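**Q** Next comes the sequence, and after it the predicted model I'd like to discuss.
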Amino acid sequence: MLAHPKALSQLAQPCKGPCIHSLPTHSQVECGAALPDLPALAKSGVLLQMLLASNVVDLEAITQVIRDDVGLTTQFLRLALREFPHVSRRSLKLQELVVHVGLQALGAMAAGTKLLGCTPGDDVDVQACSAFWARARQTAHTAEQVAAEISPEDRDLAYLAGLLRRLGSLPVLLSWRIPGFDLASPGEIGLRMAKSWNFPQVLVDVIRGDERACRSRKSRWLLRLINSAEPSIWCD
């Protein structure tokens, strides 16, 4: 479902006025340093391992499996940003990053990714997580479609921003026990997670979800774009 035409017209207008900078404190970043890895849906993790083990490498299929899963996308971005920081910040096109990272590193990532519902003792509602993953994908696809009409060069970035927009809601959903997270808002938690994982600033801003704190016009534009798509997707 695309955003309302009135919202599209607002998104097409350039942002005016200075952006307000708001940096996290040292304690905030430090709090996120010991975060667990995000899990992936079981079917996504298994499919990725099967594709990587195939005699015929299908980069498009591998990329699609990664981008369809919140956990795999997060794990992959962390890997790519760590191994190729300059390339990944210049271009957030996942298929290009898959080529740079390589099959061996991807295989290690896939093998080390926890799968939802497959770890003994996990206190996780797999059905609720699957619903979250589905809504995140829908937001991402909508953001990508709108960006393709307004700013085609940003469609890949819009997809990632839409997929990860509500990252800060996951610790509660995954029953994480992280000191300092219990009293923080989802936006603040998402900020800590994104900063801890060294995400590009444009994604940090969108995940934080505070337009006043955006540090670039592009991040403010992306946040507006995604916010215009979310109400019909995340309403209960």
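**A** Thanks, I have the structure now.

**Q** Can you give me the distance of the residue located most distally from the centre of the chain to Leu103?
**A** The C-alpha centroid of the chain is most remote from Asn55, which lies 29.9 Å away (C-alpha atoms, centre = their mean). For Asn55, the distance to Leu103 (C-beta to C-beta, to the nearest Å) stands at 12 Å. For glycine as for every other residue, the C-beta is placed from the backbone atoms N, C-alpha and C.

**Q** ditto for Pro120
**A** Taken as C-beta to C-beta, the span from Pro120 to Leu103 is 30 Å.

**Q** Between the two, which has more neighbouring residues?
**A** Higher neighbour count among Pro120 and Leu103: Leu103, with 15 against 4, using other C-beta atoms under 10 Å.

**Q** Find the residue closest to the more buried one in space, skipping its chain neighbours.
**A** Leaving out its chain neighbours, the residue that sits closest to Leu103 by C-beta to C-beta, 6 or more residues apart in numbering is Leu52, at 6.1 Å.

**Q** do the same with Ser44
**A** Ser44 sits nearest to Asp69 (C-beta to C-beta, 6+ apart), 4.0 Å away.

**Q** How about Gln95?
**A** The nearest residue in space to Gln95 (C-beta to C-beta, 6+ apart) is Thr63, at 4.4 Å.

**Q** Counting neighbours, what do you get for the one you found?
**A** Neighbour tally, Thr63, other C-beta under 10 Å: 19.

**Q** name the element it belongs to?
**A** If you go by DSSP states H and E, Thr63 is part of helix 59-67.

**Q** name the helices or strands packed onto that helix?
**A** helix 42-53, helix 70-83, helix 94-101, helix 155-164 (3 or more C-beta pairs under 8 Å, 6 or more residues apart in numbering; DSSP states H and E).

**Q** Name the spans of the protein whose pLDDT lies under the cut-off.
**A** Filtered on pLDDT under 70, the chain yields the residue ranges 1-33, 88-91, 231-236.

**Q** tell me the domain boundaries of it?
**A** 42-112, 123-234 (automatic domain parsing).

**Q** distance of the residue nearest the centre of the chain from Gln95?
**A** The chain has Leu164 as the residue nearest its centroid, 2.7 Å off, counting by C-alpha atoms, centre = their mean. Separation of Leu164 from Gln95 (C-beta to C-beta): 18 Å.

**Q** what's the answer for Gln104, then?
**A** Distance from Gln104 to Gln95, by C-beta to C-beta: 17 Å.

**Q** picking up where we left off before, mean neighbour count, the domains of the chain: which tops it?
**A** domain 123-234 (a mean of 19; mean count of other C-beta atoms under 10 Å).

**Q** List the contacts of the closest residue to Ser169 other than its chain neighbours.
**A** Take Ser169 and drop its neighbours on the chain: the residue closest to it by C-beta to C-beta, 6+ apart is Pro186, 4.7 Å away. Counting by C-beta atoms under 8 Å, 6 or more residues apart in numbering, Pro186 makes contact with 166, 168-169, 209.
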